[in-house]
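Chemist: my questions are about this predicted structure, shown below with the sequence.
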Amino acid sequence: MNEIPQFSDDIEKYHRRIDINEYDEVYIIGDVHGSRAALEELLADLGVTDDDLVVFVGDLVRKGPDSPGVVDIVRRDSRFVSVRGNNEQKIVRGDKDPEWLRDGDKPYFESLPVAISFDDALVVHGGVDPERPLEDHTLEELLTMRSPHGDGYDGPFWYDNYDGPYRMFFGHTVHDSPVDRQYAVGLDTGCVYGGALTAYRYCHDDFVATDPTTTHQERADSKIVTPV
């Protein structure tokens, strides 16, 4: 029996548990950031069938050229689910009010879970503090965790010392290639910054990525991490 992640009551209402036995394959896709063309290319490469599930690690929107288009792709397909990213959360909180925002978009972002789990896998946007139990994490921490005892992109990163028990799939921190560790898989490979859009095939245990994409926003090299 796989261990089911336990969150505080405030977080548990935003946790979705999925029975993986219902699907032939599960794909987990990194931060799209409004890059609709890259997403359409990746989905075509994956060849998603009616018996597959696609899980997004959040940050579907902002920074790229077509956030509404990405939202429509994910929202209208019953095979697609996403956790909430910090960029969706900024819209939910009212910190950002982009001009492309439509009447139904904010309620959709509010409806997104903060955590999705299946088997012994856990999908969140940011990450966790490896020194604290899940029950002690706030919603904001799960969305934005990067360096719990450091300074942002200066590290050390949370996954450097994380050793389970869940295999964590995450985005948020931009890498020039996927993080591929026993208990941590990072999938934000910076497609909005000219990098690839990356997916992980859960049942095959491998990665599929687009070619490097159009640079829609510049990013300093110091904020793009090379996995060790």
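Modeler: Arrived safely, thanks for sending.

Chemist: CA only for contacts and neighbour counts going forward, please
Modeler: OK.

Chemist: ok, the residue nearest to residue 144 when sequence neighbours are not counted - contacts?
Modeler: Leaving aside its chain neighbours, residue 144 sits nearest to residue 126 (4.6 Å; criterion: Cα to Cα, 6 or more residues apart in numbering). Contacts for residue 126 (Cα atoms under 8 Å, 6 or more residues apart in numbering) come out as 85, 141, 142, 143, 144, 145, 146, 170, 171, 172, 173.

Chemist: which pLDDT value goes with the nearest residue to residue 223 once chain neighbours are set aside?
Modeler: In space, and not counting its chain neighbours, residue 223 is closest to residue 153: 6.0 Å by Cα to Cα, 6+ apart. Note for residue 153: predicted pLDDT of 92.

Chemist: mind starting the numbering at 533 from now?
Modeler: Will do, 533 is the new start, and the previous item becomes residue 685.

Chemist: just to revisit the earlier point, next one: phi and psi at the residue nearest to residue 676?
Modeler: When quoted as degrees, to the nearest 10, the phi and psi of residue 658 stand at phi -90, psi -70.

Chemist: tell me how far it lies from residue 563.
Modeler: Distance from residue 658 to residue 563, counting by Cα to Cα, to the nearest Å: 11 Å.

Chemist: now do residue 760
Modeler: The gap separating residue 760 from residue 563 is 20 Å, by Cα to Cα.

Chemist: more crowded one of those two?
Modeler: residue 563 (29 against 7; other Cα atoms under 10 Å).

Chemist: name the element that one belongs to?
Modeler: Here residue 563 is covered by no helix or strand, with elements defined by DSSP states H and E.

Chemist: so who does it touch?
Modeler: Per Cα under 8 Å, 6+ apart, neighbours of residue 563: 588-592, 703-704, 719-723, 729.
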